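Colleague: The following block contains a protein sequence and its predicted model.
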Amino acid sequence: MRLPALFTQEFIALIPSHWALIQQLIEDHVIETYAISADRTRGWITINADDAAAVQAVVEQFPLYSFITEVEIDELFIFDSAKSRFPRLSLN
């Protein structure tokens, strides 16, 4: 997703409710990963959904949705990450 280059007061006021929803969707296993670039203009989200329409429906729930300038949805064939694996064992 693409975010605006400049954040208005209205945008900033919505960040707490947006973040609360993101956290809830992560806890509900709807969102697997959520990342925003250092310059805060782009974001990447891995969403568990059956199809692109379901992903779009999730994104449209975001309090910041009206400020998102572009949403690009790509279906993944393979998803793997260190976090999705079993924790490393420690013998200590």
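Modeller: Arrived safely, thanks for sending. Since the structure is predicted, the reported quantities are computational estimates derived from the model, not experimental observations.

Colleague: and E27, what are its phi and psi?
Modeller: Phi and psi for E27, reported as degrees, to the nearest 10, are phi -60, psi -30.

Colleague: what's the spacing between it and A82?
Modeller: 20 Å (Cβ to Cβ, to the nearest Å). (Each C-beta comes from the backbone N, C-alpha and C, glycine too.)

Colleague: One more: D74?
Modeller: For D74, the distance to A82 equals 21 Å [Cβ to Cβ].

Colleague: can you check F11 too?
Modeller: Separation of F11 from A82 (Cβ to Cβ): 32 Å.

Colleague: which one of these two has more residues nearby?
Modeller: F11 (16 against 7; other Cβ atoms under 10 Å).

Colleague: Look up which helix or strand the more buried one falls in, please.
Modeller: If you go by DSSP states H and E, F11 is part of helix 9-27.

Colleague: Return the distance of the closest residue to A52 other than its chain neighbours relative to T8.
Modeller: In space, and not counting its chain neighbours, A52 is closest to I73: 4.7 Å by Cβ to Cβ, 6 or more residues apart in numbering. For I73, the distance to T8 (Cβ to Cβ) stands at 26 Å.

Colleague: Between the two, point out the one with more neighbours.
Modeller: Neighbours were counted for I73 and for T8 using other Cβ under 10 Å; I73 has more, 15 against 10.

Colleague: burial count for Y34?
Modeller: By other Cβ under 10 Å, the residues close to Y34 number 15.

Colleague: can you map out the helices along the chain?
Modeller: 9-27, 52-59 (DSSP state H).

Colleague: possible to save these as TSV with distance to S37 and mean pLDDT?
Modeller: Listed next are the helices of the chain as TSV, based on distance: least, Cβ to Cβ, whole Å; pLDDT from 0 to 100:
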stretch	distance to S37	mean pLDDT
helix 9-27	16	98
helix 52-59	17	97
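
Colleague: returning to that earlier point: report the angle between the axes of the helix holding F11 and helix 52-59?
Modeller: On the basis of axes from the mean of the first three to the mean of the last three Cα atoms, to 10 degrees, helix 9-27 is oriented at 120 degrees to helix 52-59.
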